[in-house]
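Enquirer: sequence below, structure please.
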Amino acid sequence: MHENPDPNADAQGLNLSIPGFASLSVKEKAGYTRAPGIHVTTYDASKVLFACLPGHAEGPMLDGNRSTLCAENIAVKASDLSQSTSLFADHFQTLIIQKSCPVLMEATGHVDPSIAVNTAQGGMTMQQLSQILRLAYHATQFGDPHLPPFNYTGPTSAFAEVVGFISLQPNGAPWGLTCPPGAVVASGSSTMPYCLFVDASEEKVFYAFSGSMSCPDGTAVSGWYNLPGTPVKGLEKGSYGGPQNKTGLRLFCRSTALLSSCQNPTASSCQGGGIVASVAFDSNQFKLGCCKLQRRMGMALTSTPRRHRTYQDFEGYYCPSGMDTTGAPSYVKTFIPSLGNPQLLNNSLATENWTLSWDPFLTRWDLFGQGKLVASLPGEDESPVAVNASRGNFSATFIELLTAAYVTEPKPKSPFPSRKPKPPVLQAFSAKAADYKEYCDPFYLQNPYAFPKSIPPEDPCYHTFTAKVADLDPSPKKPLLKGITEQAGHASG
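Expert: A predicted model of the protein is given here:
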C-alpha cells in the first residue's frame, strides 16, 4: 500500500446541509468532515464489516510496503469472510486474512497437515475449550444505511460515508453507525468500533447532546447519529440522502444481560475487547466507555446429542400409575413438558407403552415394553430408586429440581443500625469559683502602682501595672505614679 495519507489534509465535507455552519468554530467544522478510510466489505461492497483509518494499527510488511491492521482476534462467520474485500478511496485493495478455525472431530479422524494443524493432540485442554466458547458471539456486518436517519439513496453501503454512515473523522471517531438487529457496538485494542451479534433485544432511540452520552443500565450502544451534535438535514439538490428534518445527536441502545464491569469513557477503544455502553466526544477527543462481555455457561458442541451412547427407548421419566392387589406400585413412562423427552421422540405411543412394576413373588422390578418383559432389576425394596442397580440392566433415580443453591440473592442492607442506639448520658457538673490572679483585685486595677509584687514581663498585664510616663526634664516635684488606669487615660487625653 502507499504511504498513509494525512487525515486532516485529505478530509472532505459530508453531503449534508448544516444550518449555521458558517458560525461554527474551526474545530466544530472539522466534525463534519470525513477522512479517507479503509472499509472491509462484501465482494460487491453492499455491506461493511470493519472500518479503520490507514495506519490506525501497523500490520505486517507486504512486499516491502506498509499495511494497516483493521481487526484482530475477532470471531467472524466464514460466510462473511469467504468473499470479502477492502476498499480505500473507492478502489479495491489487497485484503489479507489470517484464519484460525477450531474444528471438533472424531478422535480417530485425520486432517491433511497442508490444510490444518491438529493443536489438540492427546485431547482438548480447558483453555482450548474456553477459546471455542468465546466464539459464541461473532462480528457481523453494520446495519442498513438506507433506513432513517441516514436515508442513504445510493446502492452500496460502502459509499454511504458521504451521508455520515461509518464516516471516520480525522481523529478516528465514526460520525454515525448502526448495527443490525441483535447486535451492539464493540471495540478492541486495535479494532475500531464494529458490530457484535449477542442476540440483544429491540432497539430504543435516545436524544442526546454533544459531549458525553450513555445507554441506561443493562443496555449497550447499538449505534449513534451525528456525533458532533449540530443539527443536520439532507441537501435539497444533489443529495445522497440524510434526514428530511433537522436532526441532532441520536443514541441507539439495546438491552442485553451479558454486560459486566462497566467503565466510564477513558480511551478511544476498549482495551482487551469489550462492549460499548457510553461515548464521549468533544471535537478533539473520542472516548468509549466499555463493559466486559460475560461468557455463556455452556454450548452445544455437536448437532447430535449423546453420540457416544444414545438414549434407549425405555429411558425417560416414569410416574406412579397405581398399585396392584398386593400393594405393589407400578409406574408408566410419562412425557413431562417442563422436562422434555430425552429421546426427542414425537411418537406418543413410544412413551405410553413402557411400564415398570414390582413382582413381590420374584422380588424384582420388571420393565415391560409393548406388553413384553424387556429387562429386570432384582431387589426387595418397594422403590426402584433404592435398589442396587449393579445386578440389573437398568437403574432408576429420583426426579429432582436442580436448584442453584450457590446463587443467592444479596440481602438488602437494613436501614436500622446493627447496634441498638443508647440515649445520651449527661455528665456531672459542679460550679467552681474562678481562679482570679491576685492583681485582678478591683483596688489594684484602679491603683496599679499600689500592687506590692512584681509581674513577669511575659504576663499580658505587665504593661498595665509597670507603665510610666516618659522622663521629664525638669522632674516634677510630685512623682508620677506607675500604671495605666481609666483616669490616667482620660487625663492624658
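
Enquirer: first vs last residue of stretch 43-57, how far apart are they?
Expert: 24 Å (Cα to Cα, to the nearest Å).

Enquirer: average pLDDT for that stretch?
Expert: Mean pLDDT, stretch 43-57: 84.

Enquirer: over to stretch 314-329?
Expert: Throughout stretch 314-329, pLDDT has a mean value of 82.

Enquirer: now do the buried residues in that stretch.
Expert: F314, G316, Y318, P329 (16 or more other Cβ atoms under 10 Å). Using the backbone N, CA and C atoms, a C-beta is placed for each residue, glycine as well.

Enquirer: what's the distance between K420 and S212?
Expert: As judged by Cβ to Cβ, to the nearest Å, K420 and S212 stand 45 Å apart.

Enquirer: same deal with Y240?
Expert: Using Cβ to Cβ, Y240 is found at 30 Å from S212.

Enquirer: those two - which one has more neighbours?
Expert: Neighbour comparison, Y240 and S212: the larger count goes to Y240, with 20 against 15 (by other Cβ atoms under 10 Å).

Enquirer: is it true that that one touches F165?
Expert: No. Contact criterion Cβ atoms under 8 Å: Y240 and F165 do not qualify, at 10.0 Å.

Enquirer: next, show the common contact partners of those two.
Expert: Any residue near both Y240 and F165 by Cβ atoms under 8 Å, 6 or more residues apart in numbering counts here, and that gives Y152.

Enquirer: and N284, how many neighbours?
Expert: 10.

Enquirer: ditto for L177
Expert: Residue neighbour count, defined by other Cβ under 10 Å, stands at 26 for L177.

Enquirer: do F88 as well
Expert: Residues near F88, counting by other Cβ under 10 Å, number 16.

Enquirer: roughly how far does it sit from L16?
Expert: F88 sits 23 Å away from L16, taking Cβ to Cβ as the criterion.

Enquirer: where do the strands sit along the stretch 201-350 of the chain?
Expert: Assigned by DSSP state E, counting those that start in this stretch, the stretch 201-350 of the chain shows strands spanning 203-207, 212-214, 219-225, 250-255, 259-260, 274-281, 286-293, 318-323, 329-333.

Enquirer: which of those sits most buried?
Expert: Neighbour counts (mean count of other Cβ atoms under 10 Å) averaged over each of the strands of the stretch 201-350 of the chain peak at strand 219-225, with a mean of 26.

Enquirer: that strand pairs with which strands?
Expert: strand 177-178 (antiparallel), strand 250-255 (antiparallel) (DSSP bridges).

Enquirer: next, the angle strand 274-281 makes with the last one.
Expert: Here the directions of strand 250-255 and strand 274-281 differ by 160 degrees (axes from the mean of the first three to the mean of the last three Cα atoms, to 10 degrees).

Enquirer: need the contact partners of strand 250-255.
Expert: With Cβ under 8 Å, 6+ apart, strand 250-255 has contacts from 149, 178-179, 182-184, 200-208, 213, 215-216, 218-226, 279.

Enquirer: let's see the pLDDT reported for the residue positioned nearest the centre of the chain.
Expert: The centre of the chain sits closest to C291, judged by Cα atoms, centre = their mean, with a distance of 2.1 Å. You'll see C291 listed with a pLDDT of 93.

Enquirer: okay, now the unreliable bits of the stretch 101-250 of the chain?
Expert: Applying pLDDT under 70 to the stretch 101-250 of the chain picks out residues 101-109, 111, 115-116, 118-136, 210.

Enquirer: perfect, I'm done here.
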